[in-house]
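Colleague: sequence and predicted structure, then a few things I'm wondering about:
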Amino acid sequence: MNFYSFVVAMCLIIAAPVVEASEYHQYRNQRYGFRMNYPSDFTVDAPAFNGDGQIFRKNQRCMIWSSGINNLSEFKLHSLEVELKKEFDQMTSLSRGRRWVELAGYKGDDFLVIKSYVGKGAINELRIRQPRSGIPCEVATAPIIRSFKPGRLDEIR
């Protein structure tokens, strides 16, 4: 490719329309203090009666759950990870931080991602479920997972 062809190609790329990422709304849990973003084209279910979480859905198989629970079982990060692994038929990834664990894989006909933050007083959790096949959700999980921030983990609520 000569210099002129390169310049023309770059101009075409720059002039191409920009595809905007879908818009997001922010959810903040008043009881546990965690927050996360969810796609604007998802509907919001009625909140849990005790204020511990929220479900967002695009349809019956494309869902996002965010919840908090009191850590009455005194889970540590490793023991929670062991329990969460039982929810998968096949795991595809596992990541850990100082106070969080993130698992992804298949459960039945669905792809599931779980990210949990663990503290002495509470556990904050995000779950994203998408169908493995059929009608796609067309939702990027990475921005949602990155937006998930823990609340008050060292307090029982």
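Modeller: Perfect, thanks for sending it. What you see is a predicted model, and the numbers here were worked out from it, not measured in a lab. Numbers count the residues shown, from 1 in each chain.
Colleague: which stretch of helix or strand covers His78?
Modeller: Using DSSP states H and E, the element containing His78 is helix 77-85.
Colleague: again with Ala104
Modeller: Going by DSSP H and E, Ala104 is part of strand 100-107.
Colleague: what ranges of this structure fall below the confidence cut-off?
Modeller: Applying pLDDT under 70 to the chain flags the ranges 1-22, 134-136.
Colleague: walking through it, point out its helices one by one.
Modeller: 3-15, 77-85, 141-147 (DSSP state H).
Colleague: CA atoms of the last one as CSV?
Modeller: Looking back up the chat, that one is helix 141-147. The C-alpha coordinates for helix 141-147 follow below in CSV (Å, rounded to 0.1, in the frame of the first residue of the first chain):
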residue,chain,number,x,y,z
THR,A,141,-21.0,-7.7,30.4
ALA,A,142,-17.6,-6.1,31.0
PRO,A,143,-18.9,-2.5,31.5
ILE,A,144,-21.5,-3.7,33.9
ILE,A,145,-19.1,-5.7,35.9
ARG,A,146,-16.6,-2.8,36.0
SER,A,147,-19.3,-0.5,37.2
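Colleague: quick one: contacts for Ser66?
Modeller: Residues in contact with Ser66 (C-beta atoms under 8 Å, 6 or more residues apart in numbering) are 27, 29, 34, 36, 53-54, 56, 124-127, 148. In this view, the C-beta of every residue, glycine as well, is placed from N, C-alpha and C.
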